[in-house]
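*Asks:* sequence plus predicted model, see below.
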Amino acid sequence: MISVRALARVATALGCLSSTPAEAAPASASFDPGAAIAVAEQAMGRTIGSYQLVDSNGLRLSLRDYRGKPLVVSLIYTACSSVCPPTTQHLIDAVTEAGRVFGLHRFAVLTVGFDARNDTVARMAQFASIQGIKLVASSR
């Protein structure tokens, strides 16, 4: 198990974190990896909104509380059995190594459940437990 402070607070979104319809690509358009990378690079460094979340303990938090240092957001859904668990395991490995190299206090990590109906506080806590995410209180 790793200690990711509550830098790895498992959260379930109360608000929508998806892009607005104006930013969404038309369904008929073919995927252009270069364009996707360009859009992602333009987003880097921008200030994120004050979206409200609920952590795996049922406590409210705001994304604005994480301003001032890099924030990694991992989107999962708790019923996912194919992609989300290995992605989370790779993220744990990356966070462990980044923590060793840079220090865990230098960045924050949130795992956000995007299935608002099913990713309840209890299911997010269970996902964290099954994946071996050790939550530690954060002073943010």
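*Replies:* Sure thing, it's come through. Numbers count the residues shown, from 1 in each chain.
*Asks:* what's the first helix or strand after the helix or strand encompassing residue 94?
*Replies:* Assigned by DSSP states H and E, residue 94 falls within helix 84-102. Following helix 84-102 in sequence order, the next helix or strand is strand 108-113 (DSSP H and E).
*Asks:* paired strands for that next one, with orientation please.
*Replies:* strand 8-13 (parallel), strand 71-76 (parallel) (DSSP bridges).
*Asks:* which one of these has the poorest average confidence?
*Replies:* Among the strands paired with strand 108-113, strand 8-13 carries the lowest mean pLDDT, a mean of 35.
*Asks:* quick check: what element follows that strand along the chain?
*Replies:* Downstream of strand 8-13, the first helix or strand assigned by DSSP H and E is helix 33-43.
*Asks:* tell me what that next one is packed against?
*Replies:* Under the contact criterion of 3 or more C-beta pairs under 8 Å, 6 or more residues apart in numbering; DSSP states H and E, helix 33-43 touches no helix or strand at all. For every residue, glycine as well, the C-beta is placed using N, CA and C.
*Asks:* re earlier: enumerate the positions of the helix holding residue 94 that are buried.
*Replies:* By 16 or more other C-beta atoms under 10 Å, the buried positions in helix 84-102 come out as 84, 87-88, 91-92, 95, 98-99.
*Asks:* what is that helix packed up against?
*Replies:* Short answer (3+ C-beta pairs under 8 Å, 6+ apart): helix 84-102 packs on strand 2-3, strand 71-76, strand 108-113, helix 121-131.
*Asks:* tell me which of these lies nearest to residue 36.
*Replies:* In terms of C-beta to C-beta, the element of these nearest to residue 36 is strand 71-76, at 15.7 Å.
*Asks:* ok, back up a step: what is the nearest of the buried residues of helix 84-102 to residue 49?
*Replies:* The closest of the buried residues of helix 84-102, once distances to residue 49 are taken by C-beta to C-beta, is residue 91, at 22.8 Å.
*Asks:* what's the neighbour count on the closest residue to that closest one other than its chain neighbours?
*Replies:* Spatial nearest neighbour of residue 91, excluding adjacent residues (C-beta to C-beta, 6 or more residues apart in numbering): residue 74 at 5.4 Å. Counted with other C-beta atoms under 10 Å, the neighbours of residue 74 add up to 17.
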